[in-house]
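One predicted model, sequence on top.
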Amino acid sequence: MKSHNREKFMQSDIALYGMFISVGLVLSYIESIIPITIPIPGVKLGLANVLVLWVLYAMDTKSAIIINILRVLLCGFLFGNMYSIIFGLCGAALSLLVMIVLRKVKIFTVVGVSIAGAVAHNTAQILVAMAVLQNARLVYYYPALLISAVVTGVVVGILGAILYKKIRILNQNELKSKIGEKKK
């Protein structure tokens with residue numbers, strides 16, 4: 001009986017992850033077709049990060065990692081190239097690591113965690129760009145990226161906080177106990 005419950009729970013996880021990854025892909029696509037008239041190349045709002053932030057707060061760390069990695073990979077294959085995958089994964093990894101740590105510390109708001117994640121994302125991407133292009137002078141671009149990170153981090157953080165307050169799902173422990181109760 002326990003293995004059947006675990007299998008059913010894993011199937012629901014896979015379906016949930018697939019749904020969230022799909023939402024992330026749609027948000028990324030929408031963002032790619034909206035023209036942004038900012039004179040800083042490569043700056044994006046990061047709408048899909050609203051989803052990642054929500055998953056981090058509403059679900060758990062493991063789910064946020066899985067959904068974020070798969071979303072970045074699929075976005076890279078669908079809308080980008082190998083460089084966008086490398087830049088995206090490096091940015092997403094450092095960003096998510098910083099957000100996970102700050103979330104656990106519990107002294108920052110959702111907006112503060114989002115800003116730190118955006119700054120970490122841009123930091124990782126500028127470091128990768130400097131390594132790939134073998135050009136340390138790209139560091140002069142970093143202050144503009146920091147400003148954009150703070151602005152986009154605030155917007156994403158506000159949207160993520162609103163979503164978190166409005167959309168609550170059962171956490172995994174509650175879901176496990178509900179599945180167990182139905183079997184009895």
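All right, it came through fine.

And the residue positioned nearest the centre of the chain, which helix or strand is it part of?
Central residue of the chain (Cα atoms, centre = their mean): V52, 3.4 Å from the mean position. Using DSSP states H and E, the element containing V52 is helix 48-58.

by how many degrees do the very next helix or strand once past that helix and helix 48-58 diverge?
Past helix 48-58, further along toward the C-terminus, the next helix or strand under DSSP H and E is helix 61-79. Angle, helix 61-79 to helix 48-58, by axes from the mean of the first three to the mean of the last three Cα atoms, to 10 degrees: 160 degrees.

which helices and strands sit right next to helix 61-79?
Contacts defined by 3 or more Cβ pairs under 8 Å, 6 or more residues apart in numbering; DSSP states H and E place helix 61-79 against helix 2-33, helix 48-58, helix 82-105. For glycine as for every other residue, the C-beta is placed from the backbone atoms N, C-alpha and C.

which helices and strands does the helix holding V52 pack with?
helix 2-33, helix 61-79, helix 82-105, helix 110-133, helix 142-166.

re the thing from before, who are the contact partners of the residue nearest to the centre of the chain?
Applying Cβ atoms under 8 Å, 6 or more residues apart in numbering, one finds that V52 lies in contact with 24, 64, 67-68, 71, 92, 96.

Which stretch among the helices and strands packed on helix 61-79 is buried most, on average?
helix 48-58 (a mean of 25; mean count of other Cβ atoms under 10 Å).

ok and it relative to helix 82-105, angle-wise?
30 degrees.
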